[in-house]
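In: What follows is a predicted structure for the sequence shown.
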Amino acid sequence: MSPQLFLIAFLLGTAAIALWIDARFPGLAPADLVHAMARAGIAMALGWLLFPRLWDAVSSASVLGALFLTALPCLTYLLLSAIWAIRKLQTALQGFR
């Protein structure tokens, strides 16, 4: 398997996990659009600030460990917060009709 194909499969798998968490635990979703956008912003900022440091710390031991111990949770939360923000934004835009 090529690295590009693995990364695509990894991203799709992470998106499937995020969708499953959203469907399985609907109570985790924020109550309104402001909180959903704040969570998405926090997830992006943490990914931008913390992920490179965590990756460097873990990848020196194992690349697979780095993928599944740092990239998977970070990307899952980022996609989950994006799902929540999109869902709340759709709800808010339907109110304008």
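Out: Great, that's in hand.

In: drop to CA atoms for contacts and neighbour counts, all remaining ones
Out: Noted.

In: does residue 51 really touch residue 72, like I thought?
Out: No: the pair residue 51 / residue 72 is not scored as a contact, 10.8 Å apart, by CA atoms under 8 Å.

In: Quick test: name the residue nearest the centre of the chain.
Out: Centroid check for the chain by CA atoms, centre = their mean gives residue 78 as the closest residue, at 2.3 Å.

In: For it, give me its contacts.
Out: 40, 43, 44, 47 (CA atoms under 8 Å, 6 or more residues apart in numbering).

In: need the contact list for residue 26.
Out: Residue 26 neighbours (CA under 8 Å, 6+ apart): none.

In: From residue 48, how far out is it?
Out: According to CA to CA, to the nearest Å, residue 26 and residue 48 sit 27 Å apart.

In: Phi first, then psi, for residue 32.
Out: Backbone torsions for residue 32, taken as degrees, to the nearest 10, come to phi -140, psi 180.
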